[in-house]
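>>> Quick one: sequence and predicted model below, then my questions.
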Amino acid sequence: MPVHLSFAWAPKGAVRVDGTVTLKPGIKANLKTDVSALEILPLSPYLEEFVNARITQGAVSASASVRASMASGQPAVALDGDVSVENFGLVDAAHDRELAGFSRLALTGLKLGTAPQLAASVRQVDVVGPYVRVRANADRSLNISSLVMHPESPPAGRPAGAAAPAPAPTIEVGSVAISGGEFSFSDQSVEPNVQFSLSGFGGTISGLSSESVAWADVGLKGMVAGAGPVEITGKLDPLGAHKYVGLKVDVRNVDLVPLSPYLG
């Protein structure tokens, strides 16, 4: 049967779905989905269930083909497309102050599949204008340390005879390109307050994989306090079975005067 569905999203955005659905002899769906500038602010309460942070803004756009089927009682889903998020922002729920975000995050050539095992790959990831605001409060607590919500009691262990956990998903990322990054640190527990920043941060990370034995190549640059260049090069493997970080950090002409309050 042909399927044509479209609707508007409040406060802003639109979704359109076209394709076919088969009910017999087995359930199958072959759909094309287009999402246009869908505001994600109404979804903030779901995030707040897991972290002490709130979404302040952001809009999702996507164009993807989705294939789904049900065989032997097991669903199989495959997705192929592009996804982007514009003007995303987070604030910490404790102090309602800016925490993190970006101007644009784009995933090009995204592929997701659940059969025979969970797998995800993306050809290109572009991150424009990412920022993080790390702050030490007057009581010396860090704003990022309060993000994780601690459960009231630890989860129970897996009961005897329970099924073994599913195999780890395979993940492939062709290239990550970062531009216009800004990361700042402020310490309000000392007088005068300490302010430190890394601006103009950008570069590439290529070849991330959970399956390949090769390490990803890293080439990143930035400026400390707008004057001291920093360059990070080397190899890393955060997704493989054996994690690896081998980076060279080259720092030049970084002014230490902003750190002088710590000497007092």
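On my side now, so go ahead. Residues are numbered from 1 along each chain as shown.
>>> which stretches of this structure form helices?
Remark: helices assigned in the chain by DSSP state H are 44-48.
>>> For the residue nearest the centre of it, give me its contacts.
By Cα atoms, centre = their mean, the chain has its centre lying nearest to residue 105, at 8.7 Å. Counting by Cβ atoms under 8 Å, 6 or more residues apart in numbering, residue 105 touches 84-85, 88, 125-128. For glycine as for every other residue, the C-beta is placed from the backbone atoms N, C-alpha and C.
>>> Please flag which of the residues you listed sit within strands.
84-85, 88, 125-128 (DSSP state E).
>>> residue contacts, residue 83?
Counting by Cβ under 8 Å, 6+ apart, residue 83 makes contact with 60-62, 64, 106-107, 110.
>>> and of the contacts of residue 105, the nearest to residue 175?
Lowest distance from residue 175 to these (Cβ to Cβ) belongs to residue 125, with 7.0 Å.
>>> Now that the closest one has come up, it's in contact with residue 175, right?
Yes - counting by Cβ atoms under 8 Å, residue 125 touches residue 175, with 7.0 Å between them.
>>> Give me the more crowded residue out of those two.
When neighbours are counted by other Cβ atoms under 10 Å, residue 125 and residue 175 differ, and residue 125 comes out ahead with 20 against 17.
>>> show me where the chain has strands.
According to DSSP E, the strands that the chain contains are 2-8, 14-22, 28-39, 53-71, 74-92, 97-113, 119-128, 131-136, 170-187, 194-209, 216-224, 228-237, 244-251.
>>> Each with direction, which strands does the first one pair with?
Each strand paired with strand 2-8, and its direction, by DSSP bridges: strand 14-22 (antiparallel).
>>> Then the fifth one?
Strands that pair with strand 74-92, judged by DSSP bridges, come out as strand 53-71 (antiparallel), strand 97-113 (antiparallel).
>>> can you give me the angle it makes with strand 119-128?
If you take axes from the mean of the first three to the mean of the last three Cα atoms, to 10 degrees, strand 74-92 sits at 30 degrees to strand 119-128.
>>> could you give the angle of strand 74-92 to strand 131-136?
Using the same axes, to 10 degrees: strand 74-92 against strand 131-136 is 60 degrees.
>>> List the buried residues in strand 74-92.
Neighbour counts over strand 74-92 (16 or more other Cβ atoms under 10 Å) mark 79, 81-86, 88-92 as buried.
>>> Equivalent analysis for the second one, please.
Within strand 14-22, the residues that qualify as buried by neighbour count (16+ other Cβ under 10 Å) are 17, 19.
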